[in-house]
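**Student:** structure of the sequence below:
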Amino acid sequence: MPRPHLCVFAFVMLTLCSLSPCATAQKNGLEVCPRPAEGSIVPEPADLRSVNGVLQVDLTYRNYLDAAGQTLYCYLSADGSQSPTLRLHPGDTLILSLKNDLGTESHAVTRPMDMQMTPIPDPCASAEMTAASTNLHFHGLTVPPVCHQDDVMKTLIQPGDPPFEYRFQIPPDTPPGLYWYHPHVHGFTAAQVLGGASGAMIIEGIERANGDVAGLPERVFVIRDQNLVNPKAVPAKSDSLSLPPALLDAEGDAVNTGTGTGKPAKDLSINYVPVPYPHYRPATIFMKPSERQLWRVLNASAITYLNLQFLVGADAEALGVVALDGIPINENGLSTNRVIWQSHLGIPPGGRMEFIVKSPPEGVRGTLITRSVNTGAGGENDPERPLATIISSGAAPEPRSKLAPSPVPLSPPTSVWLGHVKPVRTRKLYFSETLQDPKDPNSPTTFYITVDGQTPKVFDPSSTVPNITVQQGDVEDWIIENRTQELHAFHIHQVHFMLLEFFGLAVNEPFLRDTVNVPFWDGKSPIYPQVKLRMDFRDPNAVGTFVYHCHLLEHEDGGMMGTIRVEPKSPEPQE
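**Tutor:** Sure thing, here's the model as predicted:
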């Protein structure tokens, strides 16, 4: 007799198949990154968990051209799982072997016989930066920015190279939460991330930081964007005739219409289930009736902002935020069970949000949507659209993972809370843009992020002179100003920061993040919008040279990136 839980799962699958297609794209000799069909059940990414303090992973990085002519990318584990979630504990060691097989589905990567004895270029000092080059950035982790750990400035792995090993320890004081991995090759990051090159990382133990999530089932949702499958389609709604004409920028993306509707700049998917324009057929998520779950949501989009809302009918359900950008929101020593309840959650590209959600009663459906985001007159169009239908059923299978029901609380932090540290200095940086041909408004745009007082320059990966130098142990305040008419998302590697002011107004948000929106300029005001951040360079794992940039990856690839060097702390003077 079949086990009861298997019968339940079969019932759910049959129910769903009566509603929408269940088949995924078929594998064949060329299709190495298969994707689910529209309307499918949202699958859970495979989990790769550390054992005895070590997570050893072999990933192969591949791509192929799909039927729509788009290049898809994926990380395949040894068992064929696509873009698995890497799960580790603080103090664990990650040993990740990455094999670059890009391009091998369309043409063989071979070396001539007379070159077989030629030494392979050092991937830790490679200058060969091409569309087929790759590396990995472990977004949000404070691990050293050096080769084999989290260096993205010199590490370049080429097709045909032997597997490249990443090996590092998760610092024992790493906050428990959601992080992620993706390629970071300057000039080619956007194309690879748009093609699906991303995966989640979880540092376990969030229930130890916040007892309100103890015992909850958990789900990981990676929301990605991609080029439009139906770029020539008109909006499906009947009011589409009243919309302004769809304008495109130099990259071919739909420009913000200011209406909250219209053609989006990019399509979205949830755990690779596509929800394409113009019909936006949502994916499906099953939950048990009135069940509380912890959802870990990663915005792995290259350029798309999210503004998530959980609707039951016309009502927005409250979502209980417990962590932001991988760090529990009580990290500043406030009450250990802090939850902030919100009706909608804004997540910039690269950002993460972990929150408690409660499913509707039996037989009642909910909808996960992303509301429209105003990205400014020069920004991409991010209209409102559904992502998934939530179906409450007693037959729904439980998520694969469940948090410990009786966790041992984390020890209180030993370092002084960042908000209580006096900064040693204040800096100003600003975003700006110029048209390559000022006489042609449709010409390509050059993007800059500039330290005030320096000359605007596009990022130069060959430069050895950092834009900013600080000393390990410093805390600084940075003012990030936006002199453009589009929204930007500021991100820095290796460290986190606290938002102090937004558009010149103090905010009460005493928690840490690694990505933040910088509001757009209206083109008329004599005062540019800005945010004020408190930057934390106290962690010795941040010593080295790394980057900060706009996390809209077209902007990063277009030059909107700079470097910072954290020098080792000077030794204490001898008495």
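**Student:** tell me where this protein has helices.
**Tutor:** 4-17, 189-194, 206-209, 553-557 (DSSP state H).
**Student:** and the nearest residue to residue 274 once chain neighbours are set aside, its phi and psi?
**Tutor:** For residue 274, the nearest residue in space outside its immediate sequence neighbours is residue 38; the separation is 5.6 Å by C-beta to C-beta, 6 or more residues apart in numbering. All C-beta atoms are positioned from the backbone trio N, CA, C, and that covers glycine. Comment: the main-chain dihedrals of residue 38 come out as phi -60, psi 140, following degrees, to the nearest 10.
**Student:** same thing with the one 5 residues further on?
**Tutor:** In this entry, residue 43 is assigned phi and psi values of phi -80, psi 160 (degrees, to the nearest 10).
**Student:** where does the stretch 1-150 of the chain dip in pLDDT?
**Tutor:** For the stretch 1-150 of the chain, residues meeting the criterion pLDDT under 70 lie at 1-30, 104-120, 127.
**Student:** if we use 90, what do you get?
**Tutor:** Counting by pLDDT under 90, the stretch 1-150 of the chain has low-confidence residues at 1-32, 66-69, 103-122, 125-130.
**Student:** could you pull out the strands for it?
**Tutor:** Using DSSP state E, counting those that start in this stretch, the strands assigned to the stretch 1-150 of the chain run over residues 47-49, 54-65, 71-76, 85-88, 93-100, 137-139.
**Student:** ok so, going back, residues near the residue nearest to residue 274, how many?
**Tutor:** 18 (other C-beta atoms under 10 Å).
**Student:** ok, now residue 80?
**Tutor:** A count of nearby residues for residue 80, using other C-beta under 10 Å, gives 11.
**Student:** begin at 28, not 1, for the rest of this chat.
**Tutor:** Got it, first residue is 28 now, which makes that one residue 107.
**Student:** so which of the strands of the stretch 28-177 of the chain gets nearest residue 299?
**Tutor:** Closest of the strands of the stretch 28-177 of the chain to residue 299 is strand 98-103, at 8.7 Å (criterion: C-beta to C-beta).
**Student:** quick one: that closest one to strand 81-92, angle?
**Tutor:** 160 degrees (axes from the mean of the first three to the mean of the last three C-alpha atoms, to 10 degrees).
**Student:** got the buried residues for strand 98-103?
**Tutor:** Residues of strand 98-103 classed as buried under the neighbour-count rule (16 or more other C-beta atoms under 10 Å) are 98, 99, 100, 101, 102, 103.
**Student:** looking at these, which one is closest to residue 276?
**Tutor:** Closest to residue 276 out of those is residue 98 (20.8 Å), distances taken as C-beta to C-beta.
**Student:** the closest one reaches residue 89, doesn't it?
**Tutor:** No - using C-beta atoms under 8 Å, residue 98 makes no contact with residue 89, being 10.8 Å away.
**Student:** leaving out sequence neighbours, find the closest residue to residue 179.
**Tutor:** For residue 179, ignoring the flanking residues on the chain, the nearest one in space by C-beta to C-beta, 6+ apart is residue 211 at 3.9 Å.
**Student:** scratch that, residue 86 is what I was asking about
**Tutor:** Computed as C-beta to C-beta, 6+ apart, the closest residue to residue 86 that is not its neighbour in sequence is residue 102, at 4.6 Å.
**Student:** isn't the one you found up against residue 112?
**Tutor:** No - with contact taken as C-beta under 8 Å, residue 102 and residue 112 are classed as non-touching, separated by 11.0 Å.
**Student:** which intervals of the stretch 328-477 of the chain have sub-threshold pLDDT?
**Tutor:** Along the stretch 328-477 of the chain, the parts satisfying pLDDT under 90 run over 357-364, 390, 437-442, 463-471.
**Student:** try it again at 80.
**Tutor:** Regions of the stretch 328-477 of the chain meeting the criterion pLDDT under 80 cover residues 358-363, 468-469.
**Student:** how about the strands in it?
**Tutor:** Chain-ordered strands for the stretch 328-477 of the chain, with DSSP E, counting those that start in this stretch as the definition, fall at 333-339, 342-343, 346-351, 354-355, 367-369, 372-374, 379-385, 392-397, 412-419, 428-429, 452-462, 472-478.
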